[in-house]
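Q: Have a look; sequence and predicted model below, questions after that.
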There are 2 protein chains.
Amino acid sequence: MEDFTLNILNLFLVLVAAWLGGIASKRMGYPPILGELIIGIILGPTLLGWIKETETIKVLAEIGITLLMVYIGIEIDFADLKKASWAGLLAAIGGFLVPFALGYYTIIYFGGTPISGLFVAIAVGVTSLATKSRILVDLKLLNTRIAYVLMAGALISDTLALVIFAGIVSFADAGSLDLSGLLLVIGKAVLFFVGTILIGNYLLPKLGRRISKFKNQSSTMYFTLILIISFGYAELAELAGMHSILGAFMAGLFIKDNLFPKNIAREVQKSFYDVSIGFMAPIFFVSAGFSVSLNVFQTDLVMLITIVFMAIFGKIFGTMLFYLPSGHGWREGITVGAGMNGRGAVEIIIAGIGLQMGIINQNIFSILVFMAIFTTFTVPFMLKWTTVWLRQRGELVQVDGRKGILILGVNPLSLLMAKYLNKKEPIVHMIDANLEMVELAREKGFDCTHGNALKDVVMEQAKANESTVFLGMTGNPEVNLLAAQVARENFYIYNNHILLTQDEEGAGKSILEAIKASTVFAMKVHPEPWIQKIIKGEYSEKKNTVSKDIKTREWVLKHGKSKVLPFVIREKEGNVRVFHYDDIVRSGETVIFIS
Amino acid sequence: MEDFTLNILNLFLVLVAAWLGGIASKRMGYPPILGELIIGIILGPTLLGWIKETETIKVLAEIGITLLMVYIGIEIDFADLKKASWAGLLAAIGGFLVPFALGYYTIIYFGGTPISGLFVAIAVGVTSLATKSRILVDLKLLNTRIAYVLMAGALISDTLALVIFAGIVSFADAGSLDLSGLLLVIGKAVLFFVGTILIGNYLLPKLGRRISKFKNQSSTMYFTLILIISFGYAELAELAGMHSILGAFMAGLFIKDNLFPKNIAREVQKSFYDVSIGFMAPIFFVSAGFSVSLNVFQTDLVMLITIVFMAIFGKIFGTMLFYLPSGHGWREGITVGAGMNGRGAVEIIIAGIGLQMGIINQNIFSILVFMAIFTTFTVPFMLKWTTVWLRQRGELVQVDGRKGILILGVNPLSLLMAKYLNKKEPIVHMIDANLEMVELAREKGFDCTHGNALKDVVMEQAKANESTVFLGMTGNPEVNLLAAQVARENFYIYNNHILLTQDEEGAGKSILEAIKASTVFAMKVHPEPWIQKIIKGEYSEKKNTVSKDIKTREWVLKHGKSKVLPFVIREKEGNVRVFHYDDIVRSGETVIFIS
């Protein structure tokens, strides 16, 4: 009993530590892993000794690694990889190879073995996937060329790192390296990839279809199945002489939306996310901090500084160097390098495995953890500096990959809105469930899709994939909110503006915040009276050019909440954006409204 | 590496075993636990030895127990407990105490220690919570008095068992039993209950409110918080000298919908359910099979038979005996006893803890596992026999606790439907989001709520809690489906009939099946033409009394799919039910339709 008692208390404390560390980290704009590592170092045996590595923690951490790798695989979209530009590929290779080489020779220089050098080299070479979107949103970079290059780069670099890692583990495991041994290792690896791809492409979908015909379905059954697939792939990798994390990663690649009925797939992935990111992976990251030794600051300070320097310099310089042939300029190369400088989950996992396999010692492991912490710290600052630098030089290239505006709900109000937004090029797409309204929109010259916006197929048809703004304009705020959620979560539309009526209370607000949508018109509006006015033609269109920056909310209050309905803001260059809460009308910009 | 390899393979196999065992069990109408236990016995060391108990399995199983107990606590609704009738209380006490006593004396008779006798007594006394609703639905018992008594009985009996179990563990742990020791044990227990209740009632809601104001919310953060609360409570129970499962159970009691924002609470509970029921609890049940010894069939056959007999006889006879004062008759008592005869999760958990603590030996543990298997086997048969018996004698008392019919969507079609359904008493409630339609319904004399049916508050206002049928009649099948899901999952309305239009394809069907709803009119109908007919008065109401049983679907085909619209079926006793797919019009019943 006593032993078990301690386990629960320790598990409880580790979870609390992970939770607090993660929240604190996120509040400061960093990925949770940073806080989890640091709090593990502080509360663990290294410093305070309040939490420790019990058998329970070890098991959960190990399963956490597996599930996390599956999740990383799930997040990778083949379509994204295909779209990955030439520039992204260059950045990824340069950003991986140069620090890889520098890391390797640093270890050799300090007297390490070649195999430990290779491990460190991979750890120094990888790029954190986890941070990307958050920082890009914060720095308003989502529609820049840099963002596309960064995302592709991180993706490719991590995939590359994992494959090389698997190769190294195979050889480390095999021990001797004669020709027959080499062929065996390679043969098993090829078998593994061919096998997992065949299973993933043919067997799993077949299984999914078969199971979707079972009686007494429950999404929990699918959840268990995902776990089974994950551990099955992990085991296949082990059998092929590679590390289980590569198998888990491969499993993730095949656990896609189309494997199961779509509504179930989403629910199940949510549960999977919660278990991995909300339970077991944090336990791993906290416990990674346990194995850190602060002595390195005394005994191996020079090596620590050298590796951190090589990591940062290698990543940024390497990216810049290989990026040159893209013709996008060395400054953009440096910016991309700065953005890819963070190391995260994959690095810590690789370092942990190296330590566990006895390939690297505790000192090098500690150095790698600190390297992850330091490099992650640099990303927001350095990316901010470099993008400001590019922006000031006018070299921050916008990519208009997405320029659509998706409007849900055809009615006189939204049609007027569409008219203003459509000024520059025909990029407005509309959706309505009512065929008559669809006809009306088409008569007015708008592209309009008939159907239910909560369905992915309908959203796809309405070019949600190419849209950057979603506007929920039906009279039902709940529907607007749900559709905005779909737009955000399934189609990565981050600008969601929603018509809220006066009926809406607290509940709506929390969803609004959860999906980071904002209120169109910067106020709650009961649409009927305005629609009547528009139908009867009893309204006038007005313009108001602002001479001093003013918050949209204040603009509304100043002009009389119930008297005006501000539709769009015309920017100085002629671009038009939706008038919504959480925005500022800049000096010189014009608000177009009706009254 | 080798050690870890084996772990993954074993974990994979255990999960596969649990998954297959659970599915097979459910297919045969039994709870998954039955299949999990049996497959654990077959594939584990007891028979084939394909899977085994590694450290990983142990840790996951132990956490699984904790999470399962939390889940059992979450499932218990204070409101249900308050509603529990006098009869339910009697059944619970009788159904617990009598087998408890018989179990205790059986062990003493066979030479066991008093403490092992008490453990077995509890195991023999508990009632399985997990099976209840499934079997009740299958046997069409949901609206009978037996169902209410059964649910309340299982709830009370398990709560009782857990409290007594905690007491026994306290004493077993305390060792000596002098007065001061006794007072200390009791004092700590009281402190525990007072403390957890105070924390649950005041601290947790406060924490929930505080956190709901955080920026960068994510439901995963809440998921982690639930885990933290669970392990925290488990640890508190340990500190108070009780077993952690009691703490976990208490935690579940306080992890309710109102702790977090409602939309998040549901998501998070889903994840929690998946982790416990879809991952860790099955590992525990499979591994419980590992410790079973088949030798008991040779060495202790008499004791095995005696205990199984005492369990079955004690439960049924005890329930019947204590149930007599309720005045509902001994036959109903026997039926309730038969329904409560299954042992399940809680029994296996208690037996496992007894084995782990060394209080019972492997033989007695094995007997208890077989007892769980045998008793669970009996439930469907015995409950079926006894209810058929009651039904034939006309003693199967229906409880009209719920008699409402909830109709979503006011339109000429649904109003006509409401008219037919309202024949017997005014029990129709309607919901519409459009105020004009609400007024219309009210003019026609129907109780009608204005609002969005996807919101729980609106559903509550529309008496969803008192309804037994949900009818989704809006022109938007998606809304009908989503609302039916809310009706089913949040308000336990199991008869969901939904208007599907001809536009609807595959996607709708899978949701339909998932929430076990059926199509109203037994066919897809495009409502507009019919609505026009009704508005213009160009329709006639007809009746068709059926002389031979006919499936609703066939009735429709026989009368011409596009020519008739069958609303309701009038039963011989005058009751009226909705005409829907998956139903049979019995000989003598009358279909009321328009054409």
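A: Thanks, I have the structure now.

Q: what about the nearest residue to residue A:323 once chain neighbours are set aside, which SS state?
A: Spatial nearest neighbour of residue A:323, chain neighbours left out: residue A:333 (3.4 Å); criterion: Cβ to Cβ, 6 or more residues apart in numbering or on different chains. (C-beta placed from N, C-alpha, C; glycine too.) Counting by DSSP: H, G, I helix; E, B strand; the rest coil, the backbone at residue A:333 sits in helix.

Q: Who are the contact partners of residue A:333?
A: Shown in contact with residue A:333 (Cβ atoms under 8 Å, 6 or more residues apart in numbering or on different chains): A:91, A:319-324, A:326.

Q: how far is stretch A:535-554 from where the chain is centred?
A: The chain centre lies 37 Å from the centre of stretch A:535-554; the measure is Cα atoms, centre = their mean, to the nearest Å.

Q: what do you get for stretch A:319-332?
A: Chain-centre distance of stretch A:319-332: 24 Å, with Cα atoms, centre = their mean.

Q: Show the end-to-end separation of that stretch, please.
A: By Cα to Cα, to the nearest Å, the extent of stretch A:319-332 from end to end equals 10 Å.

Q: ok, and for it, which residues are buried?
A: Buried positions in stretch A:319-332, judged by neighbour count with 16 or more other Cβ atoms under 10 Å in any protein chain shown: A:319-323, A:326, A:328-329, A:332.

Q: which residues in chain A form strands?
A: Here chain A has its strands, by DSSP state E, at A:404-408, A:428-432, A:447-450, A:467-472, A:495-498, A:518-519, A:541-545, A:550-551, A:565-570, A:576-578, A:584-585, A:590-594.

Q: now these as CSV including distance to chain B and mean neighbour count?
A: Converted to CSV, these look like this (distance: least, Cβ to the nearest Cβ, whole Å; neighbours: other Cβ atoms under 10 Å in any protein chain shown):
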stretch, distance to chain B, mean neighbour count
strand A:404-408, 13, 27
strand A:428-432, 12, 27
strand A:447-450, 9, 20
strand A:467-472, 14, 25
strand A:495-498, 15, 24
strand A:518-519, 15, 20
strand A:541-545, 30, 12
strand A:550-551, 19, 16
strand A:565-570, 22, 22
strand A:576-578, 23, 19
strand A:584-585, 19, 20
strand A:590-594, 25, 19
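
Q: What parts of the stretch 151-300 of chain A come near chain B?
A: A:173, A:212, A:214-217, A:219-221, A:223-225, A:227-228, A:231-232, A:234-235, A:238, A:244, A:261-264, A:267-268, A:270-271, A:273-275, A:277-279, A:282 (Cβ under 8 Å from any Cβ of the partner chain).

Q: What's the ChimeraX syntax to select whichever of those are buried?
A: Typed into ChimeraX, the next command selects the buried ones out of these (criterion: 16+ other Cβ under 10 Å):
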select /A:217,219,220,221,223,224,225,227,228,231,232,234,235,238,244,261,262,263,264,267,268,270,271,273,274,275,277,278,279,282
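
Q: now, which of the residues of the stretch 151-300 of chain A next to chain B lie within helices?
A: When these are checked against helices (DSSP state H), the matches are A:173, A:219-221, A:223-225, A:227-228, A:231-232, A:234-235, A:238, A:244, A:262-264, A:267-268, A:270-271, A:273-275, A:282.

Q: Give me the buried positions along stretch A:15-28.
A: The neighbour-count check on stretch A:15-28 (16+ other Cβ under 10 Å) flags A:15-19, A:21-26 as buried.

Q: show me where pLDDT drops low in the stretch 351-500 of chain A?
A: A:399-402, A:423-426 (pLDDT under 70).

Q: Just the helices from it, written as ranges.
A: A:362-392, A:412-421, A:435-443, A:456-461, A:477-491 (DSSP state H, counting those that start in this stretch).

Q: Does the last one pack against any helices or strands, and if so which?
A: Of the remaining helices and strands, those touching helix A:477-491 by 3 or more Cβ pairs under 8 Å, 6 or more residues apart in numbering or on different chains; DSSP states H and E are strand A:404-408, helix A:456-461, strand A:467-472, strand A:495-498, helix A:506-514.

Q: Out of the ones you listed, which is closest to residue A:11?
A: With Cβ to Cβ as the measure, helix A:506-514 is the member of those nearest residue A:11 (28.7 Å).

Q: Residue ranges in the stretch 201-350 of chain A under the pLDDT threshold?
A: Looking at the stretch 201-350 of chain A by pLDDT under 70, you get A:215-217, A:257, A:262-263.

Q: Let's see that with 80 instead.
A: The stretch 201-350 of chain A contains residues with pLDDT under 80 at A:212-219, A:256-267.

Q: if we can go back for a sec, the buried residues of stretch A:15-28 into JSON lines, with extra columns for distance to chain B and pLDDT?
A: What follows is these, written out as JSON lines (distance: Cβ to the nearest Cβ, whole Å; pLDDT from 0 to 100):
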{"residue": "A:15", "distance to chain B": "5", "pLDDT": "94"}
{"residue": "A:16", "distance to chain B": "6", "pLDDT": "95"}
{"residue": "A:17", "distance to chain B": "10", "pLDDT": "94"}
{"residue": "A:18", "distance to chain B": "7", "pLDDT": "94"}
{"residue": "A:19", "distance to chain B": "5", "pLDDT": "93"}
{"residue": "A:21", "distance to chain B": "11", "pLDDT": "93"}
{"residue": "A:22", "distance to chain B": "8", "pLDDT": "90"}
{"residue": "A:23", "distance to chain B": "7", "pLDDT": "90"}
{"residue": "A:24", "distance to chain B": "11", "pLDDT": "91"}
{"residue": "A:25", "distance to chain B": "10", "pLDDT": "88"}
{"residue": "A:26", "distance to chain B": "5", "pLDDT": "84"}
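
Q: Just those residues: which are in helices?
A: A:15-19, A:21-26.

Q: Now for the closest residue to residue A:565 other than its chain neighbours: which residues touch it?
A: Leaving aside its chain neighbours, residue A:565 sits nearest to residue A:594 (5.2 Å; criterion: Cβ to Cβ, 6+ apart). Taking Cβ under 8 Å, 6+ apart, we find residue A:594 in contact with A:416, A:530, A:533-534, A:539-542, A:564-565, A:567.

Q: Tell me how far residue A:460 lies from residue A:487.
A: Note on residue A:460: its distance to residue A:487, by Cβ to Cβ, to the nearest Å, is 11 Å.

Q: Of those two, which one has the most company?
A: More crowded of residue A:460 and residue A:487, by other Cβ atoms under 10 Å in any protein chain shown: residue A:487, with 26 against 14.

Q: do you know how far the more buried one is from residue A:75?
A: Separation of residue A:487 from residue A:75 (Cβ to Cβ) stands at 19 Å.

Q: Out of the contacts of residue A:333, flag the one nearest to residue B:549.
A: Using Cβ to Cβ, residue A:91 is the member of the contacts of residue A:333 that lies nearest residue B:549, at 71.5 Å.

Q: Give me the local confidence score for the nearest residue to that closest one once chain neighbours are set aside.
A: The shortest distance from residue A:91 to any non-neighbouring residue, by Cβ to Cβ, 6+ apart, is to residue A:153 (4.2 Å). Here the pLDDT value assigned to residue A:153 is 81.

Q: Could you do residue A:506 as well?
A: Residue A:506 carries a pLDDT score of 48 in this model.

Q: Please list all residues in contact with residue A:389.
A: A:331, A:335.

Q: can you rerun that using 7 Å?
A: Counting by Cβ atoms under 7 Å, 6 or more residues apart in numbering or on different chains, residue A:389 touches residue A:331.
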